[in-house]
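Novice: Structural data only, the sequence is not supplied:
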């Protein structure tokens, strides 16, 4: 909306890390460890594939997007995964069947890859959390409240103009060289200023910038971006994309602050950025970034050309992202179908062959079908689905002596184990020889 100044996609950005941590744990409590772990692995594959590909693609398109669309639009585009994975289980329930793209990974290799990824994720994101906590504690210990009446008056004026009613402390600190805002909790936010004097005009610019960050919950956005970087730590483009996303966050704030400034005030704002350049640490937002991005911000500040808001672009990206959900999965544990079903020579009790052209045909040659299943290679699919599409042609159903129920379609083996709440889906290597199976009926 034209009158909206935030950069969120319906949900607070902190939703993604919180939900991806809590929801799988809740699922394991409700459906059991085995089904819960399958769901977690399925969700992990979806998140990793989507975030890696989406961030990489957006990184490559960013030069074009920055020329045509507002900085706020570019900042919002990075946040699409927040909405997409807010309630993944409900999205999975709408899936009609298995994904079109399946990658086979041997079980041993898959476990090693998961262990390596998990270790990298925990180390990287854990270090970021510890760094944030330590930096926040150090700032609080090495700071004191702002007491100058002129500065406080300017602070309260900007709070009133921007309608910021949540408590935000205003303090000086000797540890920083640039103004920044920190605080993940609503009642624990603080804006810190370097130990230097500010004119009333400079203070207004600084407060306008930082209070817009508070208004938009950008400390949560920084946490979300660091979480995404930890998820895709093995992908160099994800690291580069997160840096660009953090730049867009600051650029969008500059854009909002400078919207009503004339050329003279834009020049003064650029000078303020130059004299207060510095890096932010932890999940913080800062007025002035390092020299790595300062040149681009300077150019954007002095350029007054009008860019598109891009509502249609945002809508299209959201729709395509939702349609891309669950399109990739992993298959593992390759083995004969009889072994997966736990069928030995005499443990297949009943089986039927069904099709649109005939009534149910009971399998008489159980031994022949057992031998055929012992040669049919299948791979377990790591994928969550509600129900398979209606089969076209033949369908084989059966029950083993262990009360395991299975159904064979063209390309898939669906298994319901008595001890599992959900079903297991396997992909079939090659094609099913229905003519051979018909000889057993």
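Specialist: Sure, I can see it. In this text the structure is predicted, and so the values were computed from the model without any measurement.

Novice: where does the residue of the chain most remote from its centre fall, phi/psi-wise?
Specialist: Residue farthest from the centre of the chain, counting by C-alpha atoms, centre = their mean, is residue 364 at 51.3 Å. As for residue 364, its main-chain torsions (degrees, to the nearest 10) stand at phi -90, psi -40.

Novice: Could you measure from it over to residue 27?
Specialist: Noted for residue 364: a distance of 43 Å to residue 27, by C-beta to C-beta, to the nearest Å. Quick note: C-beta positions are derived from backbone N, CA and C, even for glycine.

Novice: Same check on residue 423?
Specialist: From residue 423 to residue 27 the distance is 16 Å (C-beta to C-beta).

Novice: Pick out whichever of the two has more residues nearby.
Specialist: Each of residue 423 and residue 27 has its neighbours counted (other C-beta atoms under 10 Å); residue 27 has more, 20 against 17.

Novice: Off-centre distance for the helix or strand where that one lies?
Specialist: Here residue 27, judged by DSSP states H and E, is contained in helix 15-31. The chain centroid and the centroid of helix 15-31 are separated by 14 Å under C-alpha atoms, centre = their mean, to the nearest Å.

Novice: Any buried residues in it, and which?
Specialist: For helix 15-31, a neighbour-count test (16 or more other C-beta atoms under 10 Å) marks 15, 16, 17, 19, 20, 23, 24, 27, 28 as buried.

Novice: just checking, what packs against it?
Specialist: If you count contacts as 3 or more C-beta pairs under 8 Å, 6 or more residues apart in numbering; DSSP states H and E, helix 15-31 packs onto helix 33-68, helix 80-84, helix 88-93, helix 218-231.

Novice: among these, which is the most enclosed?
Specialist: Comparing the helices and strands packed on helix 15-31 by mean neighbour count (mean count of other C-beta atoms under 10 Å), helix 218-231 ranks first with a mean of 24.

Novice: what about that helix, average pLDDT?
Specialist: Mean pLDDT, computed over helix 218-231, is 91.

Novice: cool, and stretch 312-328?
Specialist: The model assigns stretch 312-328 a mean pLDDT of 83.

Novice: which stretch of helix or strand covers residue 257?
Specialist: Secondary structure (DSSP H and E) places residue 257 in helix 236-257.

Novice: centre of the chain versus that helix, how much separation?
Specialist: 17 Å.

Novice: buried stuff in that helix?
Specialist: Quick answer for helix 236-257 (16+ other C-beta under 10 Å): 237-238, 241-242, 244-257.

Novice: Kindly report the same for stretch 255-270.
Specialist: Across stretch 255-270, burial judged by 16+ other C-beta under 10 Å covers 255, 256, 257, 258, 261, 266, 269, 270.

Novice: Report the contact partners of the residue nearest to the spatial centre of the chain.
Specialist: When C-alpha atoms, centre = their mean is applied to the chain, the residue found nearest the centroid is residue 81 (4.5 Å). By C-beta atoms under 8 Å, 6 or more residues apart in numbering, the residues touching residue 81 are 16, 47, 50, 51, 54, 228, 321.

Novice: what's the answer for residue 362, then?
Specialist: 350, 351, 352, 441.

Novice: Next one: it, what pLDDT does it get?
Specialist: Value for residue 362, per-residue pLDDT: 86.

Novice: Which of the helices and strands packed on helix 15-31 comes out lowest on mean pLDDT?
Specialist: helix 88-93 (a mean of 57).

Novice: Following element in sequence after that helix, please.
Specialist: strand 101-104.

Novice: which intervals of the stretch 201-350 of the chain have sub-threshold pLDDT?
Specialist: The stretch 201-350 of the chain contains residues with pLDDT under 70 at 277-279, 287-305, 345-346.

Novice: which residues in it form strands?
Specialist: Per DSSP state E, counting those that start in this stretch, the stretch 201-350 of the chain carries strands over the ranges 285-286, 328-336, 348-355.
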